[in-house]
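1. Build the 3D model from these lines:
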Amino acid sequence: MEKKKQNVFLMIMGVLILAAIVITACSISQSPVLCSLALLVLVFVALYGFVLYKKPHGNLLKLAMLLFAGIYITSAIIVASEGNGIVALNVIGTLAASAVVYGAGRLDRIEQNKYIFIIADVIFFALELFSAITWPNRNFVETFVLFNHFIIFNTLVIAYFIRYKEHKEAGVSDK
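-> Next up, the predicted model:
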């Protein structure tokens with residue numbers, strides 16, 4: 001990928017993740033458990049996106065994806081146990097998060113992961129858009145927080161596709 005395009009994608013990634021961190025921190029009082037967990041994952045993803053990627057190796061990206069899937073599944077369980085939301089949507093989101101776990105274990109297979117990750121990303125966006133539409137009495141901050149999972153996973157997908165070559169070369173040199 002051309003260097004200018006990479007920089008544009010990385011800047012978009014950075015702006016999204018930093019905005020998500022700030023807005024999630026501002027809304028912690030509304031749902032302390034979910035927002036605190038999301039904030040921890042956001043901070044780790046931001047660290048990976050800005051600093052930790054510099055030592056190319058797929059293990060940190062795999063860890064970030066597994067943390068993301070774990071927080072998504074945990075939040076789906078908490079939301080379902082509180083009786084909020086539609087159970088079928090939580091199941092669909094959990095299946096998409098499970099696909100992320102599957103893809104994270106196979107980061108070397110970019111051609112297969114391309115489809116898995118893009119489909120999962122679309123599912124996360126669709127679920128969060130549906131939530132934003134069906135709960136219209138929210139302010140901007142609450143609506144933005146609904147898109148945290150999409151923003152986190154989108155950041156990881158951008159990092160994965162843009163930096164795949166460097167990580168693959170680092171993995172080959174480790175062997």
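2. Show me the contact partners of stretch 38-52.
-> The contact list for stretch 38-52 (C-beta atoms under 8 Å, 6 or more residues apart in numbering) reads 10, 13-14, 17-18, 20-21, 24-25, 28, 60-61, 64, 67-68, 71, 75, 145, 148-149, 152, 155-156, 159. All C-beta spots, glycine's among them, are computed from the backbone N, C-alpha and C.
3. Which of the residues in that stretch are classified as buried?
-> For stretch 38-52, burial by neighbour count (16 or more other C-beta atoms under 10 Å) applies to 38-39, 41-42, 44-46, 48-49, 52.
4. Let me have those residues in CSV, extended by secondary structure and distance to residue 87.
-> Shown next, in CSV, are the buried residues of stretch 38-52 (DSSP: H, G, I helix; E, B strand; the rest coil; distance: C-beta to C-beta, whole Å):
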residue, secondary structure, distance to residue 87
38, helix, 21
39, helix, 26
41, helix, 23
42, helix, 26
44, helix, 29
45, helix, 28
46, helix, 32
48, helix, 32
49, helix, 33
52, helix, 36
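5. Looking at those, which is nearest residue 81?
-> Checking the buried residues of stretch 38-52 against residue 81 by C-beta to C-beta gives residue 38 as the nearest, at 17.1 Å.
6. related to what we said a few turns ago, looking at the contacts of stretch 38-52, which are in helices?
-> Secondary structure from DSSP state H places 10, 13-14, 17-18, 20-21, 24-25, 60-61, 64, 67-68, 71, 75, 145, 148-149, 152, 155-156, 159 of the contacts of stretch 38-52 in helices.
7. Just the buried residues of the residues you listed.
-> Here, 16+ other C-beta under 10 Å leaves 10, 13, 17, 20-21, 24, 60-61, 64, 67-68, 71, 75, 145, 148-149, 152, 155-156, 159 buried among these.
8. quick one: which of the buried residues of stretch 38-52 is nearest residue 79?
-> Comparing the buried residues of stretch 38-52 against residue 79 with C-beta to C-beta places residue 38 closest, at 12.3 Å.
9. I'd like the distance between that closest one and residue 78.
-> 11 Å (C-beta to C-beta, to the nearest Å).
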